[in-house]
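Enquirer: mind folding the following:
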Amino acid sequence: MISLICNEEIRMRRLGPGRAPGEFYWRGRSHRVSATEEGRSVVRRQWGSLLRTQLYRVRTTTGMRCWLSFDEIRRLWRLERLLPGLGGFDECGNALV
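Expert: Numbers count the residues shown, from 1 in each chain. Down below sits the predicted model:
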């Protein structure tokens with residue numbers, strides 16, 4: 001599967017059920033999440049510390065699919081990757097359906 005790496009900070013406007021993303025701002029636009037396709041917790045070691053990140057594969061109401069992450073230490077949300085399909089790539093890659 002081809003994806004575009006964005007790795008950009010986003011602002012989470014509201015959370016949905018189970019603290020999953022509900023609506024976020026990215027590049028000056030609001031994106032409402034219509035479905036969380038996958039969610040998982042990832043723990044990795046960096047600089048001698050354990051870092052816990054929550055990853056969510058989501059679909060927005062416009063059909064954009066992407067991976068969002070939440071860094072629990074820094075309390076920071078990021079859009080990690082844009083994924084192809086229904087609404088596909090928008091601002092990073094221009095392959096909208």
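
Enquirer: now the residue nearest to the spatial centre of the chain, what's its secondary structure?
Expert: Centroid-nearest residue in the chain, with CA atoms, centre = their mean: Leu68, separated by 1.7 Å. Assigned with DSSP: H, G, I helix; E, B strand; the rest coil, Leu68 falls in the strand class.

Enquirer: could you report the neighbour count for Phe24?
Expert: Neighbours of Phe24 under the rule other CB atoms under 10 Å: 22. C-betas here are computed from N, CA, C, even on glycine.

Enquirer: mind listing what's buried in the helix or strand hosting it?
Expert: Secondary structure from DSSP states H and E places Phe24 in strand 21-26. Neighbour-count burial for strand 21-26 flags 21, 23-24, 26 (criterion: 16 or more other CB atoms under 10 Å).

Enquirer: list the contacts of Leu76.
Expert: Leu76 makes contact with 9, 70 under the criterion CB atoms under 8 Å, 6 or more residues apart in numbering.

Enquirer: where does this structure have low pLDDT?
Expert: Where the chain drops to pLDDT under 70, the residues are 1-3, 85-97.

Enquirer: quick check: longest strand of it.
Expert: strand 29-46 (DSSP state E).

Enquirer: and the following helix or strand past that one, which strands flank it?
Expert: Next helix or strand after strand 29-46 toward the C-terminus (DSSP H and E): strand 49-60. The strands beside strand 49-60 in its sheet (DSSP bridges) come out as strand 29-46 (antiparallel), strand 65-71 (antiparallel).

Enquirer: so which bits of strand 49-60 are buried?
Expert: Using 16+ other CB under 10 Å as the test for burial, strand 49-60 gives 53-54, 56-60.
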